[in-house]
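# Only the shape, not the letters, is given here:
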């Protein structure tokens, strides 16, 4: 048995030796063949082996990596396509700066878009826009109903206009009847700056609070005539505190120097006493009585128009007509000598928050 095992081991070892020797012979043959090659053939063989290796690496790339490579290539291609071949030279400021160039390009693009819009498309856009509503349409329903009573193409006589103004009053309180008279004057000219004060026969319908700036003796007379605030110190203290609780201020001529420092406060409010309006007078008691009786002051504005109230709706047509005639006659008397031709251009009667009514000038 021992002899058999030894013979098998010897045979196996011999077989291994013969296989090794055969492999060595084959390798030696390959090396001999490579050595026999020319130098140029050897370099070609090396390059071919390198290409094989790179192709294998490309095959091993994942799908994600391939996509990334494709996207980067397309982005670079688009960038190259959009970029001009010879880009303009930009400056830090001025017309050649990057900002000004971009603004110019945007403006040019807008003009091109405007040219593309055809007249038909523009007309469609205009048709779609709603026309603005008139002033009458924007008024309340009650106002529109009252306005239907007035014929705007017709000029009414003074009595008819005042009667119609009372009927078209659309407010719940006792509205004021107003006259708006447009004159052919230039208020910038000193002789054409129409201004005066009148006493309305039926009164103005307003409760007026009167202050009298006078000495002790005249202050007592003014108080008995109906003035609410009298005295020097009383009025100056109120003005200093900013409490102007009066509608008319009457002053004596010798005391106007003391009121001069309050001109900036009283002037804009129309309360500064003035000889033309009759608020600067030595007879303060008479001035108070006239103010209580319905004395009003009118003055032309920058557009050559006089705006003034002549009474309340509750007065009735006759009283309002008397007040209106006194006002119109006073304005006619103050006509400047330099005015040639027509003096009054138009007259409109209206109420507080009511529609206007044109008045005929021929009968005045």
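Thanks, I have the structure now. Bear in mind that the values here come from a model prediction, so they are computed numbers and not experimental data.

# Please make it C-alpha for all contacts and neighbour counts, starting now.
OK.

# Please tell me the pLDDT value assigned to the most centrally placed residue in the chain.
Taking Cα atoms, centre = their mean as the criterion, residue 132 is the residue nearest the geometric centre of the chain, at 17.7 Å. According to the prediction, residue 132 has pLDDT 79.

# quick one, phi psi at it?
The phi and psi values for residue 132, taken as degrees, to the nearest 10, are phi -70, psi 150.

# contacting residues around stretch 280-287?
Where contact means Cα atoms under 8 Å, 6 or more residues apart in numbering, the residues beyond stretch 280-287 that reach it are 212, 218, 221-222, 225, 250-253, 273-275, 278-279.

# export these to a markdown table and tack on distance to residue 164 and pLDDT?
Written out in a markdown table, the entries for the contacts of stretch 280-287 read as follows (distance: Cα to Cα, whole Å; pLDDT from 0 to 100):
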| residue | distance to residue 164 | pLDDT |
| --- | --- | --- |
| 212 | 39 | 92 |
| 218 | 45 | 89 |
| 221 | 43 | 90 |
| 222 | 40 | 90 |
| 225 | 37 | 88 |
| 250 | 37 | 92 |
| 251 | 40 | 91 |
| 252 | 43 | 91 |
| 253 | 44 | 90 |
| 273 | 37 | 89 |
| 274 | 36 | 86 |
| 275 | 37 | 86 |
| 278 | 34 | 84 |
| 279 | 35 | 88 |
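
# Show me which of these is closest to residue 300.
Within the contacts of stretch 280-287, distances to residue 300 taken as Cα to Cα reach their minimum at residue 274, with 16.0 Å.

# Could you count how many residues lie near the closest one?
Burial of residue 274, expressed as a neighbour count using other Cα atoms under 10 Å, amounts to 16.

# ok, now residue 339?
Applying other Cα under 10 Å, I find that residue 339 has 13 neighbouring residues.

# Surely it and residue 186 touch.
No. With contact taken as Cα atoms under 8 Å, residue 339 and residue 186 are classed as non-touching, separated by 9.6 Å.

# Find the helix or strand that the nearest residue to residue 317 once chain neighbours are set aside is a member of.
Closest residue in space to residue 317, ignoring its immediate chain neighbours: residue 163 at 5.5 Å, by Cα to Cα, 6 or more residues apart in numbering. For residue 163, the host element (DSSP states H and E) is helix 158-167.

# Kindly report the domain assignment for this structure.
If the domains of the chain are taken from automatic domain parsing, they occupy 130-206+294-364, 207-292, with pieces of a single domain joined by a plus sign.

# Format these as TSV; extra columns: distance to residue 107.
TSV is the format used below for the domains of the chain (distance: least, Cα to Cα, whole Å):
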stretch	distance to residue 107
domain 130-206+294-364	30
domain 207-292	50
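
# of those domains, which approaches residue 108 most closely?
domain 130-206+294-364 (31.1 Å).

# start to end distance for the closest one?
The first and last residues of domain 130-206+294-364 sit 44 Å apart, counting by Cα to Cα, to the nearest Å.

# before we move on, what about stretch 264-275?
Stretch 264-275 stretches 18 Å from its first residue to its last (Cα to Cα).

# contacts for it?
Looking at what lies outside stretch 264-275 - Cα under 8 Å, 6+ apart - the contacts are 247, 248, 249, 250, 251, 263, 279, 280, 281.

# quick one on the thing from earlier: looking at the contacts of stretch 280-287, which are in strands?
Members of these lying in strands (criterion: DSSP state E): 212, 250, 251.

# So the second one sits against residue 218, correct?
No. When contacts are counted by Cα under 8 Å, residue 250 is not listed as touching residue 218 (11.4 Å).

# Neighbour count: those two, which is higher?
For residue 250 versus residue 218, neighbours defined as other Cα under 10 Å are more numerous around residue 250 (30 against 19).

# From residue 209, how far off is that one?
11 Å.

# can you give me the strands for the stretch 51-200 of the chain?
Secondary structure of the stretch 51-200 of the chain, counting by DSSP state E, counting those that start in this stretch: strands at 176-183, 195-199.

# So which of those strands is nearest residue 168?
Distance to residue 168, taken as Cα to Cα, is lowest for strand 176-183 among those, at 11.0 Å.

# Remind me what the helix holding residue 163 packs against, helices and strands.
With contacts defined as 3 or more Cα pairs under 8 Å, 6 or more residues apart in numbering; DSSP states H and E, the secondary structure elements packing on helix 158-167 are strand 176-183, helix 317-333, strand 344-351, strand 357-359.

# what's it in contact with?
So helix 158-167 is in contact with 146, 150, 177, 313, 316-318, 320-321, 349-351, 354-360, 364, going by Cα under 8 Å, 6+ apart.

# Filter the residues you listed down to just the buried residues.
Neighbour-count burial (16 or more other Cα atoms under 10 Å) is assigned, among these, to 146, 150, 177, 313, 317, 320-321, 349-351, 354-360.
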